[in-house]
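*Asks:* Just a sequence and a predicted model for now, questions to come.
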Amino acid sequence: MFCPECGATDVEMIDGICKNCFLKKFQLMEIPENITVTICKHCNAKLEVGKWKDEYIPEEEIIYRALERNITISDLAENEEIELEIDQMRGTIAECYVEAVATVLGEEVVETHTPNVKINYSVCPDCSKRNAGYYEAVIQLRADDRELEDEEIVIAEEIINRTLDKQFKKDKLAYIPQVAKLKEGNDYYIGSLKSAKKVVEHLKEEFGGTTKESPRLISEDKSTGKGLYRIWIALRLPKFVKDDFVKYNDGIYQINDVDGNRIQVINLENQDTIALKWREYDSIEKIEHLEGVQKAIVTSKSPNALQILDPDDYSPIDLEMTEKLEKINIGEEIDVIKIDGKIYII
Ligand SMILES: [Zn+2]
Ligand SMILES: [Zn+2]
């Protein structure tokens, strides 16, 4: 046997020629000279087969990934190591250097290429919507029968921002193009309905309250006849806040804590803490126009009762002994409130 290319005899033959001649012709890797990547100039999302994906990846990383994706290594290569470098940027073109080292038929082979990666800048649909101030939903933050408190707005906005930040990782329309401060409350415009619903869910967990959705037809797709809707979601925070006094089932209660699951109240008759369901909201009546908290002095104490003096006319009032009252001693002043002429300890 001899090699028809170089005439060498007694040598290992591959594909009809000697190993030396084979390795001389051998191509370790294939990579196009010019590679083009289309990315969104706002979010760096990459356009691939009609789909935008992988946003917020640094441009260098996009170039390296484009090189990697376009490299084909010969099946004969073993232990291959590939080094990628960006030599320089010329406008939107990255001049790159690719070096591959591998073992082929027991010999070390080194091969270098200098491909160009051209970046085409475009704008992805989500970013164009965002730039145009597009929104799918409006959250109307209100309070039932009262004005929102400043602190409620601060907490609500923290929840809104935190939720949208989190949502943004999977929903690029999780943004607020506009906030409208109105006399009756604040309107938060939200890019996507999905993220708006998430925000409302979290606000409700914190504050409780009731929600109402009203879709409004914005336009109609003439070809399909399908309507494009925007959804207004009104979140109405409860009429009462912590420490307010309420009437419920003929009893007098003080609001202790409110969240999305329940309304926790203290029964002023016996100081028991109970949790009311949200479906009972309408039967809870807020007591307005209170004269306020007064001080009353304790004049006597027995195992069954505590006697105090009415702060208005100093007439003695006997209160049934409870766990809370047991801790109070004669001569002490305690906070009381008068509701419908009756005195309650708070
Ligand atoms: Zn040969
Ligand atoms: Zn984008």
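*Replies:* Yes, it's here. Ligands and ions are numbered 1, 2, ... in the order given.
*Asks:* shaky segments in this protein?
*Replies:* 289, 291 (pLDDT under 70).
*Asks:* same for the top helix by length along it, what does it pack against?
*Replies:* Taking DSSP state H as the criterion, the chain has its longest helix at helix 150-168. Here helix 150-168 touches strand 137-143, strand 185-190, helix 193-207, going by 3 or more C-beta pairs under 8 Å, 6 or more residues apart in numbering; DSSP states H and E. For glycine as for every other residue, the C-beta is placed from the backbone atoms N, C-alpha and C.
*Asks:* Please identify which of these is closest to ligand 1.
*Replies:* Among the helices and strands packed on helix 150-168, the nearest to ligand 1 by C-beta to the ion is helix 193-207 (66.0 Å).
*Asks:* Can you give me the buried ones in the closest one?
*Replies:* 193, 195, 196, 197, 198, 199, 200, 202, 203, 204, 206, 207 (16 or more other C-beta atoms under 10 Å).
*Asks:* In TSV, list the residues you listed along with distance to residue 101.
*Replies:* Shown next, in TSV, are the buried residues of helix 193-207 (distance: C-beta to C-beta, whole Å):
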residue	distance to residue 101
193	53
195	48
196	53
197	54
198	50
199	53
200	57
202	53
203	58
204	60
206	58
207	62
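*Asks:* circling back: tilt between the longest helix of the chain and helix 193-207?
*Replies:* Orientation check (axes from the mean of the first three to the mean of the last three C-alpha atoms, to 10 degrees): helix 150-168 against helix 193-207 gives 140 degrees.
*Asks:* What is the next helix or strand after helix 150-168 packed up against?
*Replies:* Toward the C-terminus, helix 150-168 is succeeded by strand 178-182 as the next helix or strand (DSSP states H and E). Applying 3+ C-beta pairs under 8 Å, 6+ apart, one finds that strand 178-182 contacts strand 185-190.
*Asks:* buried stuff in stretch 338-346?
*Replies:* So, applying 16+ other C-beta under 10 Å, buried residues of stretch 338-346: 338, 343, 344, 345.
*Asks:* was I right about the first one contacting residue 296?
*Replies:* Read that as residue 338. No: Residue 338 is beyond contact range of residue 296, at 9.9 Å (criterion: C-beta atoms under 8 Å).
*Asks:* for the residue lying closest to residue 71 once chain neighbours are set aside, what are its contacts?
*Replies:* In space, and not counting its chain neighbours, residue 71 is closest to residue 31: 5.1 Å by C-beta to C-beta, 6 or more residues apart in numbering. By C-beta atoms under 8 Å, 6 or more residues apart in numbering, residue 31 lies in contact with 67, 70, 71, 72, 98, 113, 115.
*Asks:* In the longest strand seen in the chain, which residues are buried?
*Replies:* Determined from DSSP state E, the single longest strand within the chain is strand 77-90. Buried residues in strand 77-90, counted by 16+ other C-beta under 10 Å: 77, 80, 82, 84.
*Asks:* Quick check: residues of the stretch 101-250 of the chain near ligand 1?
*Replies:* Proximity of the stretch 101-250 of the chain to ligand 1, by C-beta under 5 Å from the ion, involves no residues.
*Asks:* Enumerate the residues of the stretch 101-250 of the chain near ligand 2.
*Replies:* 124, 127.
*Asks:* if you set the cut-off to 8 Å instead, what comes out?
*Replies:* 123, 124, 125, 126, 127, 128, 130, 172 (C-beta under 8 Å from the ion).
*Asks:* Do I have it right that the third one meets residue 52?
*Replies:* This points to residue 125. Yes: using C-beta under 8 Å, residue 125 makes contact with residue 52 at a distance of 7.1 Å.
*Asks:* Which of those two has more residues huddled nearby?
*Replies:* residue 52 (20 against 13; other C-beta atoms under 10 Å).
*Asks:* and that one, what are its bridge partners?
*Replies:* Beta-bridge pairing for residue 52 (DSSP bridges): residue 47.
*Asks:* Over to the closest residue in space to residue 14 that isn't next to it in sequence: give its phi and psi.
*Replies:* The spatial neighbour of residue 14 that comes closest, neighbours along the chain excluded (C-beta to C-beta, 6+ apart), is residue 22 at 4.4 Å. Backbone dihedrals for residue 22, given as degrees, to the nearest 10, come out at phi -60, psi -50.
*Asks:* This completes my enquiry, with thanks.
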